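A.B. asks: Okay, sequence plus prediction incoming.
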Amino acid sequence: MRYQEIVMHVSGRVFALLSLLAVALAPLPAVAAELPEIVCIQCHSTMPGRFGEPVTLWKGSIHAENGIACNACHGGDSKDAANAMSPARGFLGAPKETAIPAFCGRCHVGVMRDYLASAHGKALGKGGPTCVTCHSNHHVVKASLELINEKSCSRCHSFERARLIRDAMQETEGMIVAIDGKIARYKEEGTDTEGMEKGLFAVRNRFHTLFHNVDVALVKKESAGIQGDLKKIQDQLTALDNSHQKRKIAGAVVVSAMLLLALFTHLLRKTYD
């Protein structure tokens, strides 16, 4: 009888604990994010044709994804329709072709520097590509190797050199993506990944400096060096994998031993009973 009371008492406690846990883990009611009022978007989204098109394009851009709206690039007063395009409020409008790199470079300082140092940058104003040639103006696309493609590059020249550069960088990008994913998983588990995150951040930035370089030999050389640094981070992750595997094995051994001990105790009691 005493045994049944204990079981019922423990069961009640467990049920109460599980109930509290369920309440704690229940998703919070959705709260609509309060977006800042942007009169540029409100006005242009209602306009037909080319006047409304910028908003439509912007909505599918990496800028929109990161909360960067019209006034971040074009200036002006985003809350006052009457002064939205006032130069006195900092309105800049659309830049001329030769001013595009400096326009975008207000935020992308390092990228502008890499671009201006490249053959593309040196051809600025002489028929060479600008930022919007590859990244678009309002439908701004994220920098990736997908931008180095035959359709885009062959608008100005043959794709052969660009293909060699893309191929040299492809394996490196794959390594970065794989390492980033693995670090994220370990971080979710509570592992200290700060050192690896900083290391990957530095290597990724170094890798991104190659995106505007059109020197095939240099890109190949730099890619090899970057892969060497990535392999050092991979080695750290492999060491973590091995450590976690050993812990899992040790845990399995302990659990097995406890189960065997419980079974032995049960059999021993039955023998005495």
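C.D. replies: Received, thanks. Numbering: from 1, shown residues only.

A.B. asks: how about the residue nearest to Ala123 when sequence neighbours are not counted, phi and psi?
C.D. replies: For Ala123, ignoring the flanking residues on the chain, the nearest one in space by Cβ to Cβ, 6 or more residues apart in numbering is Pro129 at 7.7 Å. Using the backbone N, CA and C atoms, a C-beta is placed for each residue, glycine as well. With angles defined as degrees, to the nearest 10, Pro129 sits at phi -80, psi 150.

A.B. asks: Now do the contacts for Arg269.
C.D. replies: By Cβ atoms under 8 Å, 6 or more residues apart in numbering, the contact list for Arg269 is empty.

A.B. asks: whoops, Lys220 was the one
C.D. replies: Ala168.

A.B. asks: Report the mean per-residue pLDDT for the host helix or strand of it.
C.D. replies: Using DSSP states H and E, Lys220 sits in helix 216-272. Mean pLDDT, helix 216-272: 84.

A.B. asks: where's it relative to the chain centroid, distance-wise?
C.D. replies: On the basis of Cα atoms, centre = their mean, to the nearest Å, helix 216-272 sits 27 Å off its chain's mean C-alpha point.

A.B. asks: Where do the helices of the stretch 1-150 of the chain begin and end?
C.D. replies: For the stretch 1-150 of the chain, helices defined by DSSP state H, counting those that start in this stretch occupy the ranges 2-25, 39-44, 53-59, 62-65, 70-74, 100-105, 109-117, 119-122, 131-135, 150-153.

A.B. asks: excluding its backbone neighbours, what's nearest Lys142?
C.D. replies: Of all residues not flanking Lys142 in the chain, Ile62 sits nearest, at 4.5 Å (Cβ to Cβ, 6+ apart).

A.B. asks: That neighbour and His139 touch, don't they?
C.D. replies: No: between Ile62 and His139 there is no contact under Cβ atoms under 8 Å: 9.1 Å.

A.B. asks: higher neighbour count, those two?
C.D. replies: More neighbours surround His139 than the other of Ile62 and His139, with 18 against 14 (other Cβ atoms under 10 Å).

A.B. asks: Just give me the neighbour total for the closest residue in space to Val132 that isn't next to it in sequence.
C.D. replies: Of all residues not flanking Val132 in the chain, Ile100 sits nearest, at 6.1 Å (Cβ to Cβ, 6+ apart). Applying other Cβ under 10 Å, we find 20 residues neighbouring Ile100.

A.B. asks: For Ile100, which residues are in contact?
C.D. replies: Thr130, Cys131, Val132.

A.B. asks: mind checking how far it is from Arg113?
C.D. replies: 15 Å (Cβ to Cβ, to the nearest Å).

A.B. asks: Now do the same for Asn213: its pLDDT.
C.D. replies: Looking at Asn213, its pLDDT is 88.

A.B. asks: for Leu124, that is, sorry about that
C.D. replies: In this prediction Leu124 is given a pLDDT of 95.

A.B. asks: Angles on the backbone of it, please.
C.D. replies: With angles defined as degrees, to the nearest 10, Leu124 sits at phi -60, psi 130.
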